[in-house]
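Visitor: Test case, fold it:
(one chain, ligands or ions: 2)
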Amino acid sequence: MNNGFSPQRYLTRFDAREIPHQFADIVVVGTGAAGLRAAIEAAKHCSVLLLSKETCEETATAYAQGGIAAVLDAADSVDQHVADTLKAGCGLCDSRIVRTIVEEGPERVRELLEWGADFDRHNGRLAFTREGGHSRARILHADGDSTGAELMSTLIRTARSSPGIGWRENCFAIDLVTEGRLCLGVLAYDRGGTFLARAHQVILATGGCGRIYRETTNPSIATGDGIAMAYRAGADVENVEFVQFHPTTLYLAGASRALISEAVRGEGGRLVNKRGESFMKNYDLEGDLAPRDVVSRAILEEMAKTRDTSVYLDLSHMNPQEVYHRFPRIKALCATCHLDISRDLIPVRPSAHYVIGGVKTDINGRTTLRNLYAAGEAACTGFHGANRLGSNSLLEGIVMGCRAGRLAGETAAKRKSAPKPLLLKNDREMVAGSELDLTDLENSLRSLMWRMGGIVRNARPLEAALERVRFWQSYVLNRHFTESAAWELQNMITVAELVLRAALTREESRGVHYRRDFPRTDDKKWKHATILRREETRDG
Ligand code: FAD
Ligand code: SIN
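Guide: Ligands and ions are numbered 1, 2, ... in the order given. You can find the predicted model right below:
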């Protein structure tokens, strides 16, 4: 079915001599926690152009509920946070990265406080909550369960006050422009047409790829564009088999698959089945706060045992006023479906939440392509290993965004001249893609990934899914489209193939990657990363 198909280097035809250039020392793609933090840092050294494919507010960061993990309480310690992170990562964390991020986290959070972030307090002191796998209450939150919104408004306000940052919203980054293994800028598209954002350094902060799954907590922007772009350009993509499934997504016909924060269980909420039985202790000693992968698999098993389409979160034993005060966003969300969270059972089941793997970077966010950096969910630093602790990703985003922004900024500032116009082009023949039903393809892809590349994996279904995705690739990836929805779909198909390939390759179970046919962790063969690299990286 693959027909020897080889996807092309660029998604679209272009001739750099004929399209407008916008020059900046640094282009940052993405306005979530990682991109904004990177831009703020880089702009201390040079000019920055910040791109987002929708408005700058529309990011996964904006939806974060639980909070940011950081060692700010006197009773907590860097060593404990490091130990918890390493334990969750099941042998695949890079311990130097873990220590660096955990050590630098408190400084980054204090900075947010200086910039006006209003995290929740108790008797005037910062309030911390717990999530699964954290041995301490070390998670800061805002407005109860609206941490991401507070983080976004703080970072946007700070970035807007920096004169060195130029903004282009509703602007879609199509591809990285490269010469050999050198990144020269970004081919992008907005209402004015295609243009080249030409820069000394590029930072990808494009977030995750949860939308490749039918069931996901992720907003529509999470289509894996940055990972696909970097892969097409020849960068190493690491550990993408590790997709984290969040156990508790609201499951009501007609309602969006909104997250019900793990902090709900952190504050005392219990998972029960349709008979009202609390079941998590039957699966793990940690009970309701067991690691997410354990809880997700336990929920699937419990759903099968009870022949139900979900399990339920029960908060009815908790003080209603405290519940409403702590989780106002979840209260409002459930109220739209006539559920009172202090009284009614909330139907939940797992869904795709976070991609642990991504574009491989070093401790300063450098990828394996020169002048290309990545940060946040699009990147794989080795911080999370094979499993991510709740609230560790916003932490990673602000620390690594800052590190990448600083190094990219310092490096660009040393360049004596402005970036020069480019003469590159991609003039390969491409078939027009207008007759394809993109919505149908997207639904088929997401359904396939959910059924065959999801929480519990097996060689046969993975192989069948891979064959199907490659077949779709053979008639979708070489088509010429002129709209962002189509490029997103091409990126989703690209990333889905990477996830399936990596999942098939890793013949063991570790962290969030569970193979029913290889249920054990195999340190002898697999205590290392999986790396995917597009071999043919000729331009055009
Ligand atoms: P994002 O915040 O997703 O931003 C991506 C940016 O890239 C956007 O601006 C987007 O427009 C831009 N972009 C993407 N593709 C393109 C393109 N082709 N062209 C131009 N721009 C592009 N983590 C925690 O630590 N704590 C939590 O409490 C928490 N809660 C969560 C709740 C939900 C519902 C979800 C979905 C995730 C949660 N996470 C949480 C995970 C965390 O929010 C994300 O991992 C993190 O916010 C990712 O940040 P980011 O900066 O990497 O990307
Ligand atoms: C949650 O609030 O449960 C999500 C936290 C996270 O994904 O880090």
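Visitor: Tell me which strands the lowest-mean-pLDDT helix or strand in the chain pairs with, and in which orientation.
Guide: Least confident element among the helices and strands of the chain, by mean pLDDT, DSSP states H and E: strand 431-432 (a mean of 83). Paired with strand 431-432 in the same sheet, following DSSP bridges, are strand 479-480 (parallel).
Visitor: pLDDT averaged over the partner strand - what is it?
Guide: The pLDDT scores in strand 479-480 average 91.
Visitor: Residues contacting that strand from elsewhere in the structure, which ones?
Guide: For strand 479-480, contacts defined as CB atoms under 8 Å, 6 or more residues apart in numbering pick out T12, R13, M430, V431, A432, G433, L436, A486. For glycine as for every other residue, the C-beta is placed from the backbone atoms N, C-alpha and C.
Visitor: and it, how far from the chain's centre?
Guide: 27 Å (CA atoms, centre = their mean, to the nearest Å).
Visitor: State the mean pLDDT of the next helix or strand after it.
Guide: Using DSSP states H and E, the helix or strand that follows strand 479-480 towards the C-terminus is helix 484-505. For helix 484-505, the mean pLDDT works out to 98.
Visitor: ok, back up a step: kindly reformat the contacts of strand 479-480 as JSON lines containing distance to ligand 1.
Guide: Converted to JSON lines, the contacts of strand 479-480 look like this (distance: CB to the nearest ligand atom, whole Å):
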{"residue": "T12", "distance to ligand 1": "12"}
{"residue": "R13", "distance to ligand 1": "18"}
{"residue": "M430", "distance to ligand 1": "19"}
{"residue": "V431", "distance to ligand 1": "23"}
{"residue": "A432", "distance to ligand 1": "21"}
{"residue": "G433", "distance to ligand 1": "17"}
{"residue": "L436", "distance to ligand 1": "20"}
{"residue": "A486", "distance to ligand 1": "12"}
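Visitor: Name only those of those that count as buried.
Guide: When the contacts of strand 479-480 are checked for burial by 16 or more other CB atoms under 10 Å, the buried set is T12, M430, G433, L436, A486.
Visitor: Farthest pair within those residues?
Guide: Spatial extent of the buried ones among the contacts of strand 479-480 (CB to CB) is set by the pair T12 and L436 at 15.5 Å.
Visitor: What helices and strands are in contact with the following helix or strand past the least confident helix or strand of the chain?
Guide: Downstream of strand 431-432, the first helix or strand assigned by DSSP H and E is helix 438-452. Here helix 438-452 touches helix 459-476, helix 484-505, going by 3 or more CB pairs under 8 Å, 6 or more residues apart in numbering; DSSP states H and E.
Visitor: so for helix 438-452, what's the average pLDDT?
Guide: What helix 438-452 shows for mean pLDDT is 97.
Visitor: Kindly report the same for stretch 411-418.
Guide: If you average the pLDDT over stretch 411-418, you get 90.
Visitor: List the buried residues for it?
Guide: For stretch 411-418, a neighbour-count test (16+ other CB under 10 Å) marks T411, A412 as buried.
Visitor: swap in stretch 369-385?
Guide: Neighbour counts using 16+ other CB under 10 Å place 369, 371-385 of stretch 369-385 among the buried residues.
Visitor: returning to that earlier point: from the contacts of strand 479-480, pick the one nearest F245.
Guide: Once CB to CB is applied, the member of these that ends up nearest F245 is A486, at 27.8 Å.
Visitor: Let me see the contact set for the closest one.
Guide: Residues near A486 by CB under 8 Å, 6+ apart: G433, L438, R479.
Visitor: Pick out whichever of these sits closest to R329.
Guide: Closest to R329, out of all of the contacts of A486 and judged by CB to CB, is L438, at 32.0 Å.
Visitor: measure that closest one to S135 for me?
Guide: 46 Å (CB to CB, to the nearest Å).
Visitor: what's the answer for G376, then?
Guide: Using CB to CB, G376 is found at 25 Å from S135.
Visitor: ok, now L532?
Guide: Distance, L532 to S135, using CB to CB: 34 Å.
Visitor: Neighbour count for L438 and S135, which is higher?
Guide: Using other CB atoms under 10 Å as the criterion, L438 and S135 rank with L438 on top: 17 against 12.
Visitor: The more buried one: what's it in contact with?
Guide: The neighbours of L438, taking CB under 8 Å, 6+ apart as the test, are A485, A486, L489.
Visitor: From M430, how far out is it?
Guide: Between L438 and M430 the distance is 16 Å, computed by CB to CB.
Visitor: Quick check: residues of this protein near ligand 2?
Guide: With CB under 6 Å from any ligand atom as the criterion, the chain meets ligand 2 at residues Q65, G66, L259, S261, E262, A263, G390, S391, S393.
Visitor: from those, which single one is nearest A42?
Guide: Closest approach to A42 among those (CB to CB): S393, at 21.0 Å.
Visitor: now the helices: where do they sit in this structure?
Guide: 33-42, 78-88, 95-114, 147-160, 225-233, 263-266, 292-306, 320-326, 328-335, 392-413, 438-452, 459-476, 484-505, 523-526 (DSSP state H).
Visitor: Including distance to P347, could those helices go into CSV?
Guide: Shown next, in CSV, are the helices of the chain (distance: least, CB to CB, whole Å):
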stretch, distance to P347
helix 33-42, 30
helix 78-88, 27
helix 95-114, 34
helix 147-160, 24
helix 225-233, 32
helix 263-266, 14
helix 292-306, 11
helix 320-326, 17
helix 328-335, 10
helix 392-413, 26
helix 438-452, 18
helix 459-476, 26
helix 484-505, 27
helix 523-526, 36
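Visitor: tell me the most buried of the ones you listed?
Guide: Stretch with highest mean neighbour count among the helices of the chain: helix 33-42 (a mean of 32; mean count of other CB atoms under 10 Å).
Visitor: Packing partners of that helix?
Guide: Partner elements for helix 33-42 (3+ CB pairs under 8 Å, 6+ apart): strand 26-29, strand 48-51, helix 147-160, strand 201-204, helix 392-413.
Visitor: Right, I'll call it a day here.
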